[in-house]
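> Need the 3D shape of this:
(one chain, ligands or ions: 1)
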Amino acid sequence: MSKSVTELCKILNLSKDEIDGVEDSAFPLKVPADFLQQIQPGNGNDPLLKQVLPLKDELKQGTGFSQDPVGDLLKNPTPSLIHKYQGRVLLIASPKCDIHCRYCFRRHFPYQEHSNQRHWQKAIETIAADSSIHEVILSGGDPMSLAENALLALIEQIEKIPHITTLRIHSRTPIVAPSKAPKTRLLTWAKQSRLNKVLVVHCNHKNELSDKTAELLTQYRNSGFHLLNQSVLLKGVNDSAATLQELSHALFEQGVLPYYLHQLDKVQGASHFEVSDSGALQIMQQLRAQLPGYLVPKLVREVAGEANKTPIIDL
Ligand code: SF4
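Below you'll find the model as predicted:
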């Protein structure tokens, strides 16, 4: 469900003056109904609202912030495919998302050139011709924003490639729009597939989780998916050890293990979300003291041109 800032303020009982929003962003406001329900009315500082509300702050040009902060455009030999990592390839399955996260590192990515379904055949042929690839990661946009039939058609083609052992889906849909997430055909396929199946969801704050997400994630888990979460460290949203500790516990309650905590990709328009590395490391130190190791995510940054995510560690 897309809304203007004015409509959103009306629904959430907020005065436009207190939020400093902009109506005409090139990356417009988009918030699904399930996510909207999780935002607290009357609270201009709600951590979920901050993730979707276009602010005047986005017009600032932060130092080092650019349109392609992780170098995606340098690494796609075939449209739709991004081959940055050894043994794994990322396939941009859909240009769309159910939500527009203001900090999105692909908010300027030219999806129309790279994610058209007519590129899939070429992408599948490229993967089939390279036996060093054993894992295909469906990304986007959000692959779960595809119609379920189209998603399954793609997955079934991938499964036919003998050297592919693992299918990974990166999706925010099960968290922000669980009512719209693919279920029937995907679950039936997953129960009988030979592939290892990994679903990496994207949740930044415990308030994003609900009974609906719990029910859906249980179904995925019972069908054979390993469930992991990645979050982005965001100023004003989750930049405290207490908030991230609550998130790890809430995810675990829903059968999901914390995987990565990403330092913000320096994408133009998102500089107001930046947390310093020293601040991030301090938070990690507190998390390690408070949580069992399996609930502590790895703090990482994606660096353009690097062959893997770069851990951020104390020296
Ligand atoms: S769901 Fe992911 S790809 Fe989509 S807008 Fe949010 S961060 Fe970007």
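> To what extent is Val198 buried, counted in neighbours?
Val198 has 17 neighbours, counted by other CB atoms under 10 Å. The C-beta positions use only the backbone N, C-alpha and C, and glycine is treated the same way.
> go on, Ala147?
Neighbourhood size, Ala147 [other CB under 10 Å]: 10.
> Now the phi/psi pair for it, please.
Taking degrees, to the nearest 10, you get phi -60, psi 140 for the backbone angles of Ala147.
> gap between it and Ala123?
Separation of Ala147 from Ala123 (CB to CB, to the nearest Å) stands at 18 Å.
> Flag the shaky bits of the stretch 51-200 of the chain, pLDDT-wise.
Applying pLDDT under 70 to the stretch 51-200 of the chain flags residues 70-77, 109-116.
> ranges for the strands of it?
For the stretch 51-200 of the chain, the strands defined by DSSP state E, counting those that start in this stretch occupy 81-82, 88-94, 135-140, 166-171, 196-202.
> Quick one: name the residues of the chain near the ligand.
Neighbours of the ligand within the chain, by CB under 6 Å from any ligand atom: Cys97, Ile99, His100, Cys101, Cys104, Arg106, Gly140, Gly141, Asp142, Arg172, His202.
> Quick check: closest non-adjacent residue to the residue most central in space within the chain.
For the chain, His202 is the residue whose C-alpha lies nearest the centre (CA atoms, centre = their mean; 4.4 Å). Once flanking residues are discounted, His202 sits nearest to Arg172: 4.2 Å by CB to CB, 6 or more residues apart in numbering.
> again with Ala241
The spatial neighbour of Ala241 that comes closest, neighbours along the chain excluded (CB to CB, 6+ apart), is Gln286 at 3.5 Å.
> Asp265 too?
Phe105 (3.6 Å).
> nearest to Gly269, of the residues of the chain next to the ligand?
Closest approach to Gly269 among these (CB to CB): Cys104, at 9.0 Å.
> if I read this right, that closest one contacts Ser25, doesn't it?
No: with contact defined as CB atoms under 8 Å, Cys104 does not count as touching Ser25 (11.9 Å).
> Those two: which is more packed in?
Higher neighbour count among Cys104 and Ser25: Cys104, with 20 against 17, using other CB under 10 Å.
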